[in-house]
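Engineer: Fold the following, please.
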Amino acid sequence: MRIVIGEGSCGIAAGAEKIRKKLLNYDLNGAEVTIAGCIGMCYLEPIVDIYDNGELTRLVKVQEDDAEKIAEYAKTGDKSVIERLIVSDEDSQFLKKQTRIALRRCGIVNPEEIDAFLEDDGYSALKKVLNEMTPEEVIEVIKISGLAGRGGAGFPTWFKWDAARKSDGEEKYLICNADEGDPGAFMDRAVIESDPHNLIEGMLIGAYAIGAKHAVVYVRAEYPLAIKRLERAIKQAQDKGIIGSNIFGSDFSCDFTIKAGAGAFVCGEETALIESLEGHRGMPRLKPPFPAQSGFWNKPSNINNVETFANVSWIINNGGEAFAAMGTENSKGTKVFAVTGKVKRSGLVEIPMGKTLRDVIFDIGGGMKGDREFKAVQMGGPSGGCIPASLIDTVIDYKALGATGAIMGSGGMVVMDESTCMVGMAKFFLDFTAKESCGKCIHCRIGTTRMLEILTRITEGNGQAGDIELLEELCHAIKDGALCGLGQTAPNPVLTTIKYFKDEYIDHIENKKCTAGECRELVKYEISADKCRGCTLCARSCPVNAITGSVKEPHTIDTDKCIKCGKCYESCRFGAIVKE
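Structural biologist: Below is the predicted model:
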């Protein structure tokens, strides 16, 4: 019997590490206790998988006190003691309805042991490449696959590899962009934490293809577990001769370096990332020259993100045609999404391109929490846009999503219900991009700040006639004049919310009303005398003593004192507090 504890960042935060340590104090009848990364069912963490004679029993929402029950099952084989913890058939569909390539080993293999990776066909693609294929043949397979960059732009991977290979110069660099900065996105983190050797193998194949002897992973410093496991994986690969000189006895040599970035969103732009790698402030460079001609230390360089590299070894082993057979004409293969927000089943989802938003949000994600009404989904993070409920059947590919005004992005998918204020959502993302602007160009530095000021004014009830038109004018000016992708895409959340939810902007400006009830300054709380029982619970919960009244008598709210914190609304058991 093998007991596997899911110890990705989400699992550890939920208590997985404590469960494992407690489990080791019991007599487990010889059962092996090991770890895996995140399998993607984040809403059910902590997760414990038990493998016994080829049969998998998955336990979810396991608590520290449940360790004793697991130990009893290991000794007796009596499933009744763990029956309450076994994942339901309904929740099992979360994984069964996915097609996993980049995530195929996540939550399955031990990310801290190279032997677990090797036993699962690890590094076989690298051996195949070095023993049987020329660099040009590798690039051709990637071309046939149709693999496009999964960092957001969707640029053909083979084209970037080919350009770097054909560039003059003996010294070249292959760089992995693991600077995952979108709010709500955690795909790259999960891959590195759960399957670091898959990233290394993909990067080594890419380095061989372009002729690079140096590979660099630029990863967020806020990902300590990912960095720790990647460092361990690199050391293990070096010890086995998989990283270093004459890999697998070939003429190919490549070293690995990790750079922990300071967490600037703009460093997701490849030239800003290169500036940061060189020790400078992360600010984009003018292009051309492109990194393929002059990148890191002015040498030919290729940059792809984690998910892109995570697909490479599968494509080499299974053929470019197999990858291209999935997806649509314009978007091949699968795509990983981090599904968060007001959805029942949040976590990592990998599906073939061509599925619809409905497939992800309702079929896999289970629909809205509390069965509320679906309102919109934000695709592509701060650089993306809000897609309304009326477009729920939009196909997931680069062209179809772009037509809505949103973008694929790196894979963040924030789901919203009717309790979300779309003006407030636009303000949230603008606040992020305004703060993350590097300040190099005026359009982005000043323009996003002015837009944020207008949105703030609107959400505080001080909107003015002409604000919507002014926002649109600023949006187009910033998109046309910004130097890099951050500024060029920063207006997208505003443009899409105005396009699809203009009535909410008008309501805020003309009627000083937030229908969703999220904008505090536009919310008003009153007590219905007919429903109030005089229980005094609302008065006791009010932090500013704005509610008065006698026991068993209707209470009232002093609107001048009320700070609109909502404590009374949350505490009332009789629905007497009216929120307008």
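Engineer: Quick check: which element contains the nearest residue to residue 292 once chain neighbours are set aside?
Structural biologist: The shortest distance from residue 292 to any non-neighbouring residue, by Cβ to Cβ, 6 or more residues apart in numbering, is to residue 163 (3.8 Å). Heads up, the C-betas are built off the backbone N, CA and C, glycines and all. Element membership for residue 163, per DSSP states H and E: helix 157-166.
Engineer: Buried residues in that helix, which are they?
Structural biologist: Residues of helix 157-166 classed as buried by neighbour count (16 or more other Cβ atoms under 10 Å): 157, 158, 160, 161, 162, 163, 164, 165.
Engineer: what does the model give the residue nearest to residue 292 for pLDDT?
Structural biologist: Per-residue confidence (pLDDT) for residue 163: 97.
Engineer: swap in the one 4 residues further on?
Structural biologist: The predicted structure scores residue 167 at 96 on the pLDDT scale.
Engineer: So it versus residue 22, what's the distance?
Structural biologist: 55 Å (Cβ to Cβ, to the nearest Å).
Engineer: now swap in residue 411 and tell me
Structural biologist: Computed with Cβ to Cβ, the distance linking residue 411 and residue 22 is 35 Å.
Engineer: So which of the two has more stuff around it?
Structural biologist: The neighbour count for residue 411 versus residue 22, taken as other Cβ atoms under 10 Å, is higher for residue 411 (28 against 17).
Engineer: pretty sure that one is touching residue 150, no?
Structural biologist: Yes. The pair residue 411 / residue 150 is scored as a contact, 7.2 Å apart, by Cβ atoms under 8 Å.
Engineer: thinking again about what came up before, contact partners for the residue nearest to residue 292?
Structural biologist: 290, 292, 293, 302 (Cβ atoms under 8 Å, 6 or more residues apart in numbering).
Engineer: Export the buried residues of helix 157-166 as JSON lines, with columns for distance to residue 212.
Structural biologist: JSON lines is the format used below for the buried residues of helix 157-166 (distance: Cβ to Cβ, whole Å):
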{"residue": "157", "distance to residue 212": "15"}
{"residue": "158", "distance to residue 212": "16"}
{"residue": "160", "distance to residue 212": "12"}
{"residue": "161", "distance to residue 212": "10"}
{"residue": "162", "distance to residue 212": "13"}
{"residue": "163", "distance to residue 212": "13"}
{"residue": "164", "distance to residue 212": "8"}
{"residue": "165", "distance to residue 212": "9"}
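Engineer: Pick out whichever of those sits closest to residue 214.
Structural biologist: Residue 214 has its nearest neighbour among the buried residues of helix 157-166 in residue 164, at 12.4 Å by Cβ to Cβ.
Engineer: list the contacts for the closest one?
Structural biologist: If a contact means Cβ under 8 Å, 6+ apart, then residue 164 has 172, 210, 211, 212, 291, 292, 300, 301, 302 as its contacts.
Engineer: moving C-terminal of the helix holding residue 163, what's the next helix or strand?
Structural biologist: Next in sequence after helix 157-166, counting helices and strands by DSSP H and E, comes strand 173-178.
Engineer: got a list of contacts for that following strand?
Structural biologist: With contacts defined as Cβ under 8 Å, 6+ apart, strand 173-178 is touched by 151, 188, 192, 199, 203, 206-207, 210, 212, 214-220, 223, 226, 254, 268, 270, 273-274, 277, 295-297, 299-306, 309.
Engineer: Mind doing that once more with 7 Å?
Structural biologist: Applying Cβ atoms under 7 Å, 6 or more residues apart in numbering, the contact partners of strand 173-178 are 151, 188, 192, 199, 203, 206-207, 210, 212, 214-220, 268, 270, 273, 295-296, 299, 301-306, 309.
Engineer: Also stretch 132-147?
Structural biologist: With contacts defined as Cβ under 7 Å, 6+ apart, stretch 132-147 is touched by 129, 157-158, 161-162, 165, 205, 208-209, 211, 308, 311, 315-316, 320-321, 323-324, 332-333.
Engineer: So for that stretch, mean pLDDT?
Structural biologist: In this model, stretch 132-147 has an average pLDDT of 97.
Engineer: In the protein, where's the longest helix?
Structural biologist: Determined from DSSP state H, the single longest helix within the chain is helix 442-459.
Engineer: Report all helices and strands that that helix contacts.
Structural biologist: For helix 442-459, the packing partners by 3 or more Cβ pairs under 7 Å, 6 or more residues apart in numbering; DSSP states H and E come out as helix 422-436, helix 467-481, helix 485-489, helix 502-510.
Engineer: which of the residues in it are buried?
Structural biologist: For helix 442-459, the neighbour count (16+ other Cβ under 10 Å) marks 443, 444, 445, 447, 448, 451, 452, 454, 455, 458, 459 as buried.
Engineer: contact partners of it?
Structural biologist: Contacts to helix 442-459, defined as Cβ under 7 Å, 6+ apart, come from residues 423-424, 426-427, 430-431, 433-434, 437, 439, 463, 467, 470-471, 474, 477-478, 481-482, 486-487, 490, 494, 505, 508-509, 519.
Engineer: cool, stretch 303-315 as well?
Structural biologist: Stretch 303-315 is contacted from outside by 101-102, 125, 141-142, 145, 147, 149-151, 157, 175-178, 187-188, 191-192, 198-199, 201-203, 205-206, 270, 273, 291, 323, 333, 336, 410, using Cβ under 7 Å, 6+ apart.
Engineer: mind redoing it with 6 Å?
Structural biologist: Residues from elsewhere that reach stretch 303-315 (Cβ atoms under 6 Å, 6 or more residues apart in numbering): 101-102, 125, 145, 147, 149-151, 157, 175, 177-178, 187-188, 191, 198-199, 201-203, 205, 270, 291, 323, 336.
Engineer: any chance you could map the helices in the stretch 301-450 of the chain?
Structural biologist: Assigned by DSSP state H, counting those that start in this stretch, the stretch 301-450 of the chain shows helices spanning 306-318, 320-324, 357-358, 398-404, 422-436, 442-459.
Engineer: Could you dump these into TSV and include distance to residue 542 and mean pLDDT?
Structural biologist: Formatted as TSV, the helices of the stretch 301-450 of the chain follow (distance: least, Cβ to Cβ, whole Å; pLDDT from 0 to 100):
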stretch	distance to residue 542	mean pLDDT
helix 306-318	48	98
helix 320-324	59	97
helix 357-358	41	97
helix 398-404	43	93
helix 422-436	24	95
helix 442-459	24	96
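Engineer: now, of these, which is deepest in the fold?
Structural biologist: With neighbours defined as mean count of other Cβ atoms under 10 Å, the helices of the stretch 301-450 of the chain peak in mean count at helix 306-318, which reaches a mean of 25.
Engineer: Are any of the contacts of helix 442-459 buried, and if so which?
Structural biologist: Using 16+ other Cβ under 10 Å, the buried ones in the contacts of helix 442-459 are 423-424, 426-427, 430, 433-434, 437, 463, 467, 471, 474, 478, 482, 486-487, 490, 494, 505, 508-509, 519.
Engineer: What is the neighbour count of residue 569?
Structural biologist: Using other Cβ under 10 Å, residue 569 is surrounded by 18 other residues.
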